[in-house]
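S.K.: here's my sequence, what's the structure:
(2 chains)
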Amino acid sequence: MIFVTLALGLVSRNSSYRSFDEPLEAAVTGLIASVETGEDGVLRLSRELPDPRYQRALSGRYWVIGTATEVVGQDRYFIIPQLSSRSLYGTLLDISNPDYAFLAEQGQEPLRFTTPGPNIDADENLRVIARQVILPNMTTPVVVLAAADRAPVIRSIQNFILTAVTLLLILTMGLIFAVYAQVRIGLRPLFALGKSIADVREGRMASVEGEYPPEIAPLATELNSLISHNKEIVDRAQTHVGNLAHALKTPIAVLRNEAAAAKTTPSRIVTKQTDIMAAQVDHHLRRARAAARGQAIGVRAEMDPVIDGLVRTLPRIYRDKGLKITKTGDPGLIFRGHPRDLEDMVGNLMDNAAKWTSSHIDVTLRKVENGLCRVRIADDGPGLTAADIETALKRGARLDEATPGSGLGLSIVKDLADAYKGSLTFSRSDAGGLQAELHLPIAIDP
Amino acid sequence: MRLLIVEDDADLSRQLKSAFKDAGYAVDVAKDGEEGHFLGDTEPYDAVILDLGLPLIDGVSVLQKWRADGKDFPVLILTARDQWSEKVAGFDAGADDYLTKPFHVEELMARLRALLRRAAGQTTDTVELGDLLVDNRAARAFIDGMAIKLTSHEFRLLSYMAAHKGRVISRTELVEHIYDQDFDRDSNTIEVFVGRLRKKIGTDRIETVRGLGYRLLDPESEGA
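M.R.: Next comes the predicted model:
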């Protein structure tokens, strides 16, 4: 834009100046043609220049014919006028110039320069064209010059540039705006896609959704493929280990049962080894699940169905106990993680409560700050001391040998809660039993 | 008592069958979901032990079909899968208890006894009828503290009648709950077993109700 403006300005100026100089050159040529020496040796014009402005006082067009004289000591020449136009009206033109010495002979390039004009009010800026010519019957050359006020031309050039600049500026701004609008509108699907991806990552959505233009639609499709592929890989890895573990459990059960029947040394060894195998299977199965935790993107689990299932099932498992479980709190919460992990955490805590409680378990689910929820499980059993709690959280510890259980339940809950950057804490419940509080990340609507 | 064990691993099902028979049960075995479903649908079992990972039809589906058909016998799920979601699914399908592999056979037996007790409305493994004591856990019977020698079929008969004490039980029902599938059934053999049992525990303990069946008398309710 700037380049175009400057170029236009330059072109316009040059063309203006050229058309400006032409009449001046013609005037000079006309003057040279009509100047002659009289019998008294005085110069006179045989013919006036046709342009009436040379007659009008201080019109802005002037001509002078004279001899160039050097100013002593200064590198300047001035003209002693012998003939001049009426328009000068008795004033003098400041037409001294060092270049008079190099004034070309007639036929070559004339001298061109500028000088202030005689009309101070009009703020004249004169363009001067001068030639030197040797007249017949004279020995010294005379300088013939014509001058015209350029101020109007300059003003018109300035106006032109100003108008051009203004128009070009408007055009530029219009173009910038159009480009901006086009980008914003054109890129809107990308912004929408970006938001959809963020939704998936934050667990608000399970996959990228929406209608996208043909250029971007493949991207959305590929992203969804990537998400489901990722889930598949995680699930498949877990499935393989799970299948191996489960495949081993039946043979281990068979061996153990067979060995339990006989009381010989080999069978004692078999019993011991099958116990070790069973423990290894459990251990590595849990480790495989742990490795997969938090790996899948966009995994989410509705909390209500999971917890409701556990609330339904635990009284059936502990039927003889006559368990009463109540669930209250905020509905519709969504856990930002794998449903299996949520089951493990809440299930193990509720199972633990069921083992220890007298009859009641209270489960409350509340949304809290920092994008977390709080799951509180309180029983009315004997409760645990701080030392007991610490022991329970240590891997593999069992507080009460008489109460059946692998002992790994609570430490798994802690591992999982930590893996999800949540927390597990214990305290005393209102009923005097144990209260477990689990803080977990949930999907938050923006 | 008659049990059905649905388990596809041949060694495990053999072990379980043998263990339960020793404990005084009649045991039928199915090795896949289809066979298991069919047997559960057509034979009267007192309880079922059901593995979940079965060929042809999986355990949860079999259980759902049974419950939909109105079969309400107690079912204990025996499985390698120990995820909470699977336990929830099993119980939602209608299971009464759940045990994961590998397990101790004693635990399995104890839990099965618990299911049977619950079904019969009893709270302990022993049934007392006056000075007659039937111990389901030990698979033995005692009179005045003295153990009586009973064959496996005799014990099954006594145990079944004790669980339904005071109620008239038809011969057919007895046949169906005392014998497993392999046994050559002939309802006349029931009379033989009843006769033998009477001889061992006392003739007046078992009443014959003409045309209807037999009844094990409960001295408390009879006011004897």
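
S.K.: next structured bit after the longest helix anywhere in chain A?
M.R.: Counting by DSSP state H, the longest helix found in chain A is helix A:151-201. Next helix or strand after helix A:151-201 toward the C-terminus (DSSP states H and E): helix A:217-261.

S.K.: what's the angle between the next helix or strand after that next one and helix A:217-261?
M.R.: Per DSSP H and E, the first helix or strand lying C-terminal to helix A:217-261 is helix A:265-292. Using axes from the mean of the first three to the mean of the last three CA atoms, to 10 degrees, the direction of helix A:265-292 lies 160 degrees away from that of helix A:217-261.

S.K.: how far out from the middle of the chain is helix A:265-292?
M.R.: Its chain's C-alpha centre lies 54 Å from the corresponding centre of helix A:265-292 when counted by CA atoms, centre = their mean, to the nearest Å.

S.K.: ok, the next helix or strand after it: who's next to it in the sheet?
M.R.: Following helix A:265-292 in sequence order, the next helix or strand is strand A:301-302 (DSSP H and E). Sheet pairing of strand A:301-302 (DSSP bridges) gives strand A:334-335 (antiparallel).

S.K.: what does the partner strand rub up against?
M.R.: Strand A:334-335 is contacted from outside by A:203-204, A:300-303, A:306, A:342, A:373, A:440-443, using CB atoms under 8 Å, 6 or more residues apart in numbering or on different chains. All C-beta spots, glycine's among them, are computed from the backbone N, C-alpha and C.

S.K.: which helices and strands does the longest helix of chain A pack with?
M.R.: Counting contacts by 3 or more CB pairs under 8 Å, 6 or more residues apart in numbering or on different chains; DSSP states H and E, helix A:151-201 packs against helix A:2-34, helix A:217-261.

S.K.: quick one: which of the ones you listed is nearest chain B?
M.R.: helix A:217-261 (3.7 Å; CB to the nearest CB).

S.K.: now the strand or helix carrying A:Ser411: buried residues?
M.R.: According to DSSP H and E, A:Ser411 maps onto helix A:409-419. Using 16 or more other CB atoms under 10 Å in any protein chain shown as the test for burial, helix A:409-419 gives A:409-417.

S.K.: export those residues to JSON lines and append columns for distance to A:Phe177 and pLDDT.
M.R.: JSON lines is the format used below for the buried residues of helix A:409-419 (distance: CB to CB, whole Å; pLDDT from 0 to 100):
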{"residue": "A:Gly409", "distance to A:Phe177": "65", "pLDDT": "71"}
{"residue": "A:Leu410", "distance to A:Phe177": "64", "pLDDT": "77"}
{"residue": "A:Ser411", "distance to A:Phe177": "63", "pLDDT": "74"}
{"residue": "A:Ile412", "distance to A:Phe177": "60", "pLDDT": "77"}
{"residue": "A:Val413", "distance to A:Phe177": "59", "pLDDT": "85"}
{"residue": "A:Lys414", "distance to A:Phe177": "58", "pLDDT": "83"}
{"residue": "A:Asp415", "distance to A:Phe177": "57", "pLDDT": "79"}
{"residue": "A:Leu416", "distance to A:Phe177": "54", "pLDDT": "83"}
{"residue": "A:Ala417", "distance to A:Phe177": "53", "pLDDT": "87"}
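
S.K.: quick check: residues of chain A near chain B?
M.R.: A:245-247, A:249-254, A:256-258, A:260, A:274, A:278, A:306, A:309-310, A:312-313, A:316-317, A:319-320, A:339-340, A:343-344, A:347 (CB under 8 Å from any CB of the partner chain).

S.K.: make a ChimeraX selection of the buried ones in those.
M.R.: Per 16+ other CB under 10 Å, the buried members of the residues of chain A next to chain B correspond to this ChimeraX selection:
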select /A:245,246,249,250,251,252,253,254,256,257,258,260,274,278,306,309,310,313,316,317,339,340,343,344,347
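
S.K.: from the contacts of strand A:334-335, pick the one nearest chain B.
M.R.: A:Val306 (7.9 Å).

S.K.: nearest residue to the middle of chain A?
M.R.: A:Phe191 (11.0 Å; CA atoms, centre = their mean).

S.K.: would you say A:Thr364 is within a strand?
M.R.: Yes. Counting by DSSP: H, G, I helix; E, B strand; the rest coil, A:Thr364 is part of a strand.

S.K.: using PDB, list the CA coordinates for the lowest-mean-pLDDT helix or strand in chain A.
M.R.: Using mean pLDDT, DSSP states H and E, helix A:386-393 stands out as the lowest-scoring helix or strand of chain A, at a mean of 71. Extracted C-alpha coordinates of helix A:386-393, given in PDB (Å, rounded to 0.1, in the frame of the first residue of the first chain):
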ATOM      1  CA  ALA A 386      -5.200 -43.400  63.700                       C
ATOM      2  CA  ALA A 387      -2.600 -46.200  64.000                       C
ATOM      3  CA  ASP A 388      -5.100 -48.700  62.600                       C
ATOM      4  CA  ILE A 389      -5.800 -46.500  59.700                       C
ATOM      5  CA  GLU A 390      -2.100 -46.200  58.900                       C
ATOM      6  CA  THR A 391      -1.700 -50.000  59.100                       C
ATOM      7  CA  ALA A 392      -4.700 -50.500  56.800                       C
ATOM      8  CA  LEU A 393      -3.400 -48.200  54.200                       C
END
